[in-house]
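In: starting from these lines, generate the structure:
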Amino acid sequence: MLTSMLSKSQQNDLILASDIWPPFTNIEGEKRIALDIVNVALERISIDNNIVIENFQDVMLGIESGKYSGSSALWYSEDRANDLLFSEPYLFNQLVLVGRKGSDVGAISFNDLGEVKIGVVENYSYGEELNQNQKIDFVKGPSDQKNLEALLSKKVDFILVDDLLIQYLLKYQINDVSEFLEIGKSPLIIRSLHFAISKNIEDSPEIINSFNTEISEMISDGSYHEILELNWIKTDIDGDGKMEMVFIGNTAGTSSPTNAYSMSPSNQLVNEGFYINGEFYLTWDQVPSNLKVNITESEFSNYHEGGIILKF
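Out: Below you'll find the predicted structure:
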């Protein structure tokens with residue numbers, strides 16, 4: 001069945017539409033993590049796909065009309081599920097509260113906050129939560145960098161930042177974070193991100209199932225880590241219902257990780273062992289000493305040139 005499905009798919013490439021939503025979706029040549037994950041997974045199961053970038057309204061209209069096969073990056077909704085098949089989540093958009101050093105970032109919902117100013121990125125799809133609390137002034141900025149500048153200059157009280165960017169900061173700029181910022185542990189907004197295709201696509205269930213399997217393989221072999229440019233990911237890699245810390249690379253750090261990008265919306269860091277380069281270690285003490293080193297200066301330099309790092 002899979003061989004038949006693959007040959008049919010190659011005759012009719014998937015046309016997948018997305019809007020501009022950095023760093024998850026974007027035009028070619030710009031950072032677009034979600035599109036890269038989906039593209040690699042589909043390539044690995046021999047399914048060709050073409051990416052089209054439109055404004056979001058035209059994306060959805062094109063999918064509804066059959067102009068597009070689906071999208072690489074969609075939030076799930078029951079209405080959309082009437083016509084589309086959704087993959088399991090391959091990313092979670094988790095928006096956490098970030099404040100200046102010494103700020104109280106312990107809120108677990110917007111209702112816990114009073115009359116404050118929160119910096120958000122304009123054109124970012126935050127959802128209805130931003131419209132449900134009239135006491136909060138959501139101040140739109142053109143980018144996370146500009147919002148950080150507004151925070152440090154006290155033009156806003158807090159900013160909302162995706163947990164993926166937080167992981168980059170903790171990996172590459174831990175000293176800056178420790179000196180200038182307080183980072184909340186409980187996401188105020190959580191959205192699961194999915195690959196979705198029309199139910200009218202031939203063999204669409206098999207495509208989705210194969211995609212789900214390939215994402216798990218990518219996490220195991222490090223391809224997923226490479227696209228995200230992260231070493232640590234928290235996920236249930238062995239299917240036992242418990243979350244493990246999964247590492248790919250040579251610089252695991254000098255102490256047991258206390259933070260990692262999570263493939264689950266759970267707020268609690270559940271440490272049921274470590275998978276490091278394909279090997280399982282129940283405790284941090286069992287991890288080989290040659291891996292217990294920090295990121296090198298050259299690695300930081302190479303990453304900084306990629307344009308992700310925020311300037312303090």
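In: could I get the pLDDT score of the spatially closest residue to Ile53 that is not a sequence neighbour?
Out: The spatially closest residue to Ile53, leaving aside those adjacent along the chain, is Ile27, at 5.4 Å (C-beta to C-beta, 6 or more residues apart in numbering). For the C-beta atoms, the positions are set from N, CA and C on the backbone; glycine is no exception. On the pLDDT scale, Ile27 is placed at 92.
In: same question for Lys135.
Out: For Lys135, the pLDDT comes out at 88.
In: next: Ser9.
Out: In this prediction, Ser9 carries a pLDDT score of 41.
In: Ile215 too?
Out: pLDDT at Ile215 comes out at 95.
In: can you give me the strands in the stretch 1-150 of the chain?
Out: Shown for the stretch 1-150 of the chain, the strands assigned by DSSP state E, counting those that start in this stretch span residues 14-18, 49-53, 70-75, 84-86, 91-100, 117-121, 137-141.
In: mind putting those strands in JSON lines, distance to Tyr275 included?
Out: Formatted as JSON lines, the entries for the strands of the stretch 1-150 of the chain read as follows, by distance: least, C-beta to C-beta, whole Å:
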{"stretch": "strand 14-18", "distance to Tyr275": "31"}
{"stretch": "strand 49-53", "distance to Tyr275": "29"}
{"stretch": "strand 70-75", "distance to Tyr275": "26"}
{"stretch": "strand 84-86", "distance to Tyr275": "27"}
{"stretch": "strand 91-100", "distance to Tyr275": "19"}
{"stretch": "strand 117-121", "distance to Tyr275": "33"}
{"stretch": "strand 137-141", "distance to Tyr275": "38"}
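In: pick the most buried one from those strands.
Out: Burial of those is given as mean neighbour count (mean count of other C-beta atoms under 10 Å); strand 70-75 ranks first at a mean of 25.
In: what does that one contact?
Out: Taking contacts as C-beta atoms under 8 Å, 6 or more residues apart in numbering, the residues outside strand 70-75 that touch it are 14, 16-18, 21, 24-25, 34-35, 38-39, 49, 51, 59, 63, 80, 84, 86, 91, 93, 125, 191-198, 201.
In: same question, stretch 13-31
Out: With contact meaning C-beta under 8 Å, 6+ apart, stretch 13-31 is reached by 32-35, 38, 42, 47-56, 58-59, 62-63, 67-73, 91, 93, 123-125, 164-165, 193, 197, 201, 306-308.
In: now intersect these with the helices, please.
Out: Secondary-structure check on the contacts of stretch 13-31 using DSSP state H: residues within helices are 33-35, 38, 42, 56, 58-59, 62-63, 164-165.
In: any of these buried? List them.
Out: 33-35, 38, 42, 56, 59, 62-63, 164-165 (16 or more other C-beta atoms under 10 Å).
In: export these to TSV and tack on distance to Leu130 and pLDDT?
Out: Formatted as TSV, these follow (distance: C-beta to C-beta, whole Å; pLDDT from 0 to 100):
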residue	distance to Leu130	pLDDT
Ile33	23	92
Ala34	21	95
Leu35	25	97
Val38	27	98
Leu42	33	97
Phe56	16	88
Val59	21	94
Gly62	26	97
Ile63	25	96
Leu164	19	83
Leu165	18	82
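In: kind regards, and thank you for your time.
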